[in-house]
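**Q** got a predicted structure here, sequence first:
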Amino acid sequence: MFDVVIIGAGIVGCATAYELSKYDLDVLLLDKENDVSLGASRANTAIVHGGYDPDPNTLMGKYNVEGAKRCIELVETLDIEFKKSGSLIVAFDDDDLKTLDKYYERGLINGVEQMEILDAEEVHQREPNLSKDIIAALWIPESGVINPWELTIAFAEVAVREGVKLSLNQNVINIEKQDDHYLVITETDQFEAKYVVNAAGVYSDKIHNMVAEPAFKINPTRGQYFLLDRANGEVVKSVIFPCPTPLTKGILVSPTIHDNILVGPDAQAIPDAEDTSTTREVLDQVGEEAKKSVPSLDLRTNIRNYSGIRANSDYNDFFVKISAPNFLDLAAIKSPGLTCAPVIATEGIKLLKDEGLDLKEKEEWDGTRKIVRFKEIPVEERAKFIKKNPEYGRVICRCEHITEGEIVAALHRGLPVVSLDAVKRRAGAGMGRCQGGFCGPRVQEIIARETGISPLDVLQNRSGSYILIGETKEDSSDN
Ligand SMILES: Cc1cc2nc3c(=O)[nH]c(=O)nc-3n(C[C@H](O)[C@H](O)[C@H](O)COP(=O)(O)OP(=O)(O)OC[C@H]3O[C@@H](n4cnc5c(N)ncnc54)[C@H](O)[C@@H]3O)c2cc1C
């Protein structure tokens, strides 16, 4: 019998597991995928939003500023990549100017501490490559870009180290109410839980409907992106937004933590929440829109396209509620859900406490994480480092300069790792220009060697994405 079973290991489920790991509780975190952070928490725009645009009467408006502060604190605590780039919301005409005023006012109500409306000259001084048609912008310095999957993985790594159980490849198909607990039923197992937390992203309405009357419906909404090579240099230093619409914050141009440029996303309602395809037609429109703000953008330097699926809903706010006895919904978490996740987790735990969950703090709890990023070590210290562990002297990913030592460390931080993309998300190998074309086979060997699985079972990403299908010739080393 678990005290708490959390369904969904995206950023919301993992942040909740992290917070619950402070207490003397048996907690189980379940996900249907073979890794944490394979839903919206992987494929998004990665912005820690300043808090100027959510409606102050929503939880999104109430949580945003506090969420941004906590994310920035967690950057230190969990050793996460972050760039405090600031954001500019740009205006092209008088209507846009009114929108900037509206968001300035909203920002004040939401508690955004620093904001400024810049005139055209100030905007172009800050960002010389922006369109000369831009007449003003709202400047939000307290925002930036983060590594979203790294934050999610770090929450999970610390939670597991501090006693939370993680079980992957567990697709929850039903929840049955028993006398004094729930039975959470997956395709292969069942788990007893005194309390259940629903953090199932685009499927959170389905999980909710297993125990309560329907209260909201998720409308999966896809957004497509270009990821441009670093050759674009500093075409922009801050996140450049057009004025938002009710559906989306608009097509933005943003630096990433790895100094690439991200362009996107559109917002397209789709029937299938698994459909992460990208299309030429939409990408052409995304590119055109982005060039209105940054005309010199060179989309030929694209190294990857991807899409993410938002858990937009007809409720139009985060659905954070106790929906049945001892059943907590952390559901319909659309943007700015990444920014708000730390607050969603702690507010959710307060609701569980009101439901009677006994929160007795552990005598010892370590909420920190530290990892080695070899390329950030000063050159004069590297030799000493390599002498201690020669694996740091072998560069595996030449695009991103990631060493074997970093890959091996990522494989031993407590979460199961069975795919090249799981290594990419943890150590950065394969993130660069060749997108793993050169280092992929070497990473595959390292995963097999370190985890003891057959190279044939090392996947590209999700379950079933096999890379090798068999041997092509006999081992001839004895001949
Ligand atoms: C295109 C896009 C851009 C965005 N940009 C930003 C941004 O810049 N800044 C920001 O703050 N927010 C942004 N967001 C929002 C943010 O990414 C999400 O709000 C956040 O990641 C949601 O986290 P989650 O844990 O609720 O969902 P997910 O990360 O989707 O996690 C849900 C998990 O539940 C699992 N699951 C689902 N069903 C089951 C089941 N039946 N059994 C077991 N497991 C199950 C899934 O496998 C998944 O791992 C963006 C979102 C998108 C899609």
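**A** Thanks, I have it. Residues are numbered from 1 along each chain as shown.
**Q** every contact and neighbour count from this point should use C-alpha atoms.
**A** Fine.
**Q** any weak-confidence spans in this protein?
**A** 246-248, 474-479 (pLDDT under 70).
**Q** which secondary structure elements does the lengthiest helix in it contact?
**A** Criterion DSSP state H: the longest helix present in the chain is helix 59-78. Using 3 or more C-alpha pairs under 8 Å, 6 or more residues apart in numbering; DSSP states H and E, the elements in contact with helix 59-78 are helix 94-110, helix 148-161, helix 337-354.
**Q** between those helices, which gets nearest to I447?
**A** Among the helices and strands packed on helix 59-78, helix 148-161 comes nearest to I447, with 17.6 Å by C-alpha to C-alpha.
**Q** in its sheet, what does the helix or strand immediately after that closest one in the chain sit against?
**A** Remark: after helix 148-161, the chain's next helix or strand is strand 165-167, criterion DSSP states H and E. If you go by DSSP bridges, strand 165-167 pairs up with strand 27-30 (parallel).
**Q** hang on, the earlier thing: dump the longest helix of the chain to PDB, restricted to CA.
**A** The C-alpha coordinates for helix 59-78 follow below in PDB (Å, rounded to 0.1, in the frame of the first residue of the first chain):
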ATOM      1  CA  LEU A  59      -4.400  30.100 -11.000                       C
ATOM      2  CA  MET A  60      -2.000  30.700 -13.900                       C
ATOM      3  CA  GLY A  61      -1.900  34.400 -13.000                       C
ATOM      4  CA  LYS A  62      -1.600  33.700  -9.300                       C
ATOM      5  CA  TYR A  63       1.200  31.100  -9.600                       C
ATOM      6  CA  ASN A  64       3.300  32.600 -12.400                       C
ATOM      7  CA  VAL A  65       5.500  35.100 -10.600                       C
ATOM      8  CA  GLU A  66       6.100  32.900  -7.600                       C
ATOM      9  CA  GLY A  67       6.800  29.900 -10.000                       C
ATOM     10  CA  ALA A  68       9.400  31.900 -11.900                       C
ATOM     11  CA  LYS A  69      11.200  32.900  -8.700                       C
ATOM     12  CA  ARG A  70      11.200  29.300  -7.500                       C
ATOM     13  CA  CYS A  71      12.400  28.000 -10.900                       C
ATOM     14  CA  ILE A  72      15.300  30.400 -10.700                       C
ATOM     15  CA  GLU A  73      16.100  29.200  -7.100                       C
ATOM     16  CA  LEU A  74      16.000  25.600  -8.300                       C
ATOM     17  CA  VAL A  75      18.500  26.400 -11.000                       C
ATOM     18  CA  GLU A  76      21.100  26.700  -8.200                       C
ATOM     19  CA  THR A  77      19.700  23.900  -6.000                       C
ATOM     20  CA  LEU A  78      19.400  21.300  -8.700                       C
END
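**Q** tell me how many other residues surround the closest residue in space to L227 that isn't next to it in sequence.
**A** Leaving aside its sequence neighbours, L227 sits nearest to L262 (C-alpha to C-alpha, 6 or more residues apart in numbering; 4.8 Å). When neighbours are counted by other C-alpha atoms under 10 Å, L262 registers 23.
**Q** what's the distance between L262 and the ligand?
**A** Using C-alpha to the nearest ligand atom, to the nearest Å, L262 is found at 11 Å from the ligand.
**Q** pretty sure that residue sits in a helix.
**A** No. Counting by DSSP: H, G, I helix; E, B strand; the rest coil, L262 falls outside a helix, being strand.
**Q** just grab the bridge partners of it for me.
**A** Beta bridges link L262 to L227, S254 when assigned by DSSP bridges.
**Q** right, and it touches S254 too?
**A** Yes. With contacts counted by C-alpha atoms under 8 Å, L262 reaches S254, the gap being 5.1 Å.
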